[in-house]
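Undergrad: Turn this into a model:
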Amino acid sequence: MSLDLSRLEAVVDASGVPGRIEALLPVGVRPRQLSVRTLLVGMLCCQAEGRPAHLTRVHRVLVGLRGRDRLRLGVTVDWRAGPHTLTYRQVERTLHLVVAALAQEEPDGAPSEVLQDVADAFVEASVEGHGDASASLAVDWTDVESFSTRHPKPSGLYADPEARWGHRKGGGPGEKDELFFGYYLSLATMVADDGGAAVPELVRRMNLVGCEHDPVPVMVQVLTSMAAGGVVLGDVICDSGYAHRVPAHFALPLRAAGASLVMDLHPSDRGTQGTHAGAILHHGNCYCPMTPTALFGQAPLGRGASEEETAAHDERAAELGRFKLGRVTSDDEDGHHRVMCPALLGKLRCALRESSLSLPLERPEVLSPPNEPPCCCTQRTISVPATINAKTAQRHDYPSKAWRRSYARRSAAERSNARIKDPATIDVARGWCRVMGLTPMTLFLACALVVRNLAVAEAFVTRHEDDRRREAAGLPVRSRRRRRTTLAALVGAANAPP
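TA: Have a look, this model is predicted:
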């Protein structure tokens, strides 16, 4: 991976990070030869060339620049005794000053406010004009190991005082859950809006915390701060690891910030979760009290489902949707909204709503209305407060076809994690960064994500220019759909005659 030096410098300057950090550093008797801007450029060049995040590598890449670039960046300066080239100790000293300025006075495994702001500005600068292409984000966290030894010192402390033991879950065949020593890295990756055009999958926010912290509430603070800064939040797509959190730690603050959730429900949150004004609470929605129980409890469609299974699944989900009370207002300042009986919305026939009996007979019909109708059957609309379905309410009916297509965008978060852990690119593994501590690890990861964003954006632009050229020439656009090879196909190929 190789990127133009001028492009890396443009990202550093656009972020405004160097000037902000320089203002926090102490002023010595003699000015430092290595500026924060040059240090960040060196860290980016180190990652762009696929080198590990070692200070020796940063020093080597800086002194290996062309002569005029070394002079321009201050790597080589004129002293009274003659030209002086930057030394490794000067790189180490400048990074130490930066870390001391950005770290918390009493490190606790969470980034300081200024460190998070610096990381946000740095990563956002690498979006390079693509930020308005979409407002939807896919979020996920992954593990990042520390270079520290796993054995504590006699004092009981580790070499990396902010790293802790965490748990990671293997997602591949035969992979088991295991412990690791390090940090949780959370990423928010830009994805296409529902029904929108394709966009480059750029990481717009990151957060690194020690494993003693829950990564979800900390990342929610990053996203809400992003919205408060003027960036519109659209769909936030996540798995059940986020959705299962306490609503006050995830769902409620994001909804208050304007986000629309698209999430996989945890098995403990699926199914019927009580009633409200007589309506049945199920999968984040309110349903008619006379909904057939056979329609409840549907699980998401499994991988490798046949066309017949998919059609039956979607038909059952659509049938359940006819019994759902429809939203007729948006949320007010307190998070309340109103929903209406499905019979009044023309989705089914019910004797309690005489106007619905004129609907076509193809509509489902409530044959035995309750003898003592609840409020949802007697009132035209009912109010639903924010506390109802606070954890499970989301944009699409779960697990309908619309939800499945919308949730499929979450794979972009997996690709972001895989890209920085790919041995062929950045390879964020144990030993990738030998500078221990939350602050230097955050800075190096931010540089790795900036390089990753620039490469993804460049590939996206190149691919779409190629598509336009092929369309102009009357050639078919190349399909990039991955075709899965089934186990049955592999068995058939193995048993085929020679």
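Undergrad: Apart from its neighbours in sequence, what residue is nearest residue 71?
TA: In space, not counting the residues next to it along the chain, residue 71 is nearest to residue 77; the distance is 7.9 Å by CB to CB, 6 or more residues apart in numbering. (C-beta placed from N, C-alpha, C; glycine too.)
Undergrad: what's the neighbour count on the one you found?
TA: Applying other CB atoms under 10 Å, we find 14 residues neighbouring residue 77.
Undergrad: same deal with residue 119?
TA: A count of neighbours around residue 119, defined by other CB under 10 Å, yields 25.
Undergrad: can you check residue 223 too?
TA: Neighbours of residue 223 using other CB under 10 Å come to 24.
Undergrad: circling back to that earlier point, just checking, what packs against the helix or strand harbouring the residue nearest to residue 71?
TA: Secondary-structure element containing residue 77, defined by DSSP states H and E: strand 76-79. With contacts taken as 3 or more CB pairs under 8 Å, 6 or more residues apart in numbering; DSSP states H and E, strand 76-79 sits against helix 67-73, strand 82-85.
Undergrad: And it, what's buried?
TA: Of the residues in strand 76-79, residue 76 count as buried by neighbour count, 16 or more other CB atoms under 10 Å.
Undergrad: List the neighbouring strands of that strand plus their orientation.
TA: strand 82-85 (antiparallel) (DSSP bridges).
Undergrad: in the strand it pairs with, what counts as buried?
TA: Buried-residue list, strand 82-85, by 16+ other CB under 10 Å: empty.
Undergrad: how about the helices and strands packed on strand 76-79 in a markdown table, adding distance to residue 302 and mean pLDDT?
TA: As requested, these are arranged in a markdown table below (distance: least, CB to CB, whole Å; pLDDT from 0 to 100):
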| stretch | distance to residue 302 | mean pLDDT |
| --- | --- | --- |
| helix 67-73 | 55 | 93 |
| strand 82-85 | 61 | 89 |
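Undergrad: Just send those back as a markdown table, with distance to residue 351 too.
TA: Below are the helices and strands packed on strand 76-79 laid out as a markdown table (distance: least, CB to CB, whole Å):
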| stretch | distance to residue 351 |
| --- | --- |
| helix 67-73 | 80 |
| strand 82-85 | 90 |
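Undergrad: Residue 272: which of the ones you listed is closest?
TA: With distances scored as CB to CB, the stretch of these nearest to residue 272 is helix 67-73 (63.7 Å).
Undergrad: who does that closest one touch, helix- and strand-wise?
TA: Helices and strands in packing contact with helix 67-73 are listed as helix 36-48, helix 55-63, strand 76-79; criterion 3+ CB pairs under 8 Å, 6+ apart.
Undergrad: then that helix to PDB, C-alphas only?
TA: Below are the C-alpha coordinates for helix 67-73, written out as PDB (Å, rounded to 0.1, in the frame of the first residue of the first chain):
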ATOM      1  CA  GLY A  67      16.000  15.600   0.200                       C
ATOM      2  CA  ARG A  68      13.600  18.500  -0.400                       C
ATOM      3  CA  ASP A  69      10.900  16.700   1.600                       C
ATOM      4  CA  ARG A  70      13.200  16.300   4.500                       C
ATOM      5  CA  LEU A  71      14.100  20.000   4.400                       C
ATOM      6  CA  ARG A  72      10.500  21.000   4.100                       C
ATOM      7  CA  LEU A  73       9.300  18.900   7.000                       C
END
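Undergrad: contacting residues for the nearest residue to residue 35 once chain neighbours are set aside?
TA: Excluding the flanking residues, the one nearest residue 35 by CB to CB, 6+ apart is residue 74, at 6.0 Å. With contact taken as CB atoms under 8 Å, 6 or more residues apart in numbering, residue 74 is in contact with 33-35, 38, 86.
Undergrad: same thing with residue 45?
TA: When contacts are counted by CB under 8 Å, 6+ apart, residue 45 is found next to 5, 8, 61-62, 65.
Undergrad: quick check, nearest of those to residue 28?
TA: Comparing every one of these with residue 28 (CB to CB), the shortest separation belongs to residue 62, at 20.6 Å.
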